[in-house]
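Undergrad: pasting the structure only:
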């Protein structure tokens, strides 16, 4: 029995040594960064500078591979099924990681099939109203909606998006009836807001900023738990409805089982990249606040968001897809 135990211990030690050696040699060829969104969108403003900096730091190309579709779940599944060797990384987002698993059936478990590396940034969505709507705060908008049940409409970039579910959360927590009008992208939402066919919308910061600065639309709140550095005077929805939070974050994950030394290397290089002044300034200009959580902190963030979106799914009965 002692002989068997020693043999097992030696085998385990040998396996750990082999894993460590492979991790030390990594990377020896290009690394894929799976982006589950189409090129040119808000995700690109975070993914591209990250890929460039990682390429420099790792000495191998980090190649962005766009795998869009199904609210990001197609790309997530590619990574969940990939070899855990460090050569496939996931540019993760709250959609496929915390929202879709609660509102639809997905072919992966975000907590078992994917390993967290870091939450890179926190991304707000902005609550916008038409200039002719006499609401300059969340409480005033809710009062108007209560006085006109089911008549106040809001646009979103599509079913299951953060822009859709923020409206559902507002209706639930504000005890109002709202009409959801889904679109394919932010541009038609803005067009119909400006044209008077919608009353309000939640939109990503980058899609809202130009119209707000031009005076075409009025921003009355942001969706994150805390105010954002790019708009410090704009209140949060949570200041009116405590507990309201819709955080359109981006991060990095890998297939479950990826060696810990590789996870730590990617984490360390990502932190260094996003602390570079040019990237930090660029993120703020796009409305993102840099987070750079540890793998453990990112795991906690995912667990908390899964619980939050699960509660909304149960309360509303919404199923998507």
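TA: Looks like it arrived, so ask away. Owing to the predicted nature of the structure, the values given are computational and were not obtained by experimental measurement.
Undergrad: avg pLDDT for stretch 314-321?
TA: Stretch 314-321 carries an average pLDDT of 88.
Undergrad: What of stretch 96-109?
TA: Here the average pLDDT along stretch 96-109 is 96.
Undergrad: buried set for it?
TA: Counting neighbours by 16 or more other C-beta atoms under 10 Å, one finds that the buried residues in stretch 96-109 are 96, 97, 98, 99, 100, 101, 102, 103, 104, 106, 108. In this view, the C-beta of every residue, glycine as well, is placed from N, C-alpha and C.
Undergrad: so the third one sits in a helix?
TA: Yes - using DSSP: H, G, I helix; E, B strand; the rest coil, the secondary structure at residue 98 is a helix.
Undergrad: and it, how far is that from residue 258?
TA: 20 Å (C-beta to C-beta, to the nearest Å).
Undergrad: do the same with the fourth one
TA: Distance of residue 99 to residue 258, computed by C-beta to C-beta: 24 Å.
Undergrad: Could you point out which residue ranges in the stretch 101-250 of the chain have low pLDDT?
TA: Low-confidence segments of the stretch 101-250 of the chain (pLDDT under 70): 207.
Undergrad: how about the helices in it?
TA: Taking DSSP state H, counting those that start in this stretch to define them, one finds helices in the stretch 101-250 of the chain at 138-147, 162-174, 186-194, 205-214.
Undergrad: Identify, out of those, the most deeply packed stretch.
TA: helix 162-174 (a mean of 23; mean count of other C-beta atoms under 10 Å).
Undergrad: how far does stretch 135-151 stretch from start to finish?
TA: 15 Å (C-alpha to C-alpha, to the nearest Å).
Undergrad: would you list the buried residues of stretch 96-109 in a markdown table and tack on distance to residue 231?
TA: Output for the buried residues of stretch 96-109, formatted as a markdown table (distance: C-beta to C-beta, whole Å):
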| residue | distance to residue 231 |
| --- | --- |
| 96 | 27 |
| 97 | 25 |
| 98 | 24 |
| 99 | 24 |
| 100 | 28 |
| 101 | 30 |
| 102 | 29 |
| 103 | 28 |
| 104 | 32 |
| 106 | 33 |
| 108 | 35 |
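Undergrad: just those now: which is nearest residue 201?
TA: Set against residue 201, the nearest of the buried residues of stretch 96-109 by C-beta to C-beta is residue 99 (17.9 Å).
Undergrad: Just the element for the residue nearest to the closest one when sequence neighbours are not counted, please.
TA: Nearest non-adjacent residue to residue 99, counting by C-beta to C-beta, 6 or more residues apart in numbering: residue 309, 5.2 Å away. Assigned by DSSP states H and E, residue 309 belongs to helix 295-316.
Undergrad: quick one: that helix to helix 162-174, angle?
TA: Between helix 295-316 and helix 162-174, the angle comes out at 60 degrees (axes from the mean of the first three to the mean of the last three C-alpha atoms, to 10 degrees).
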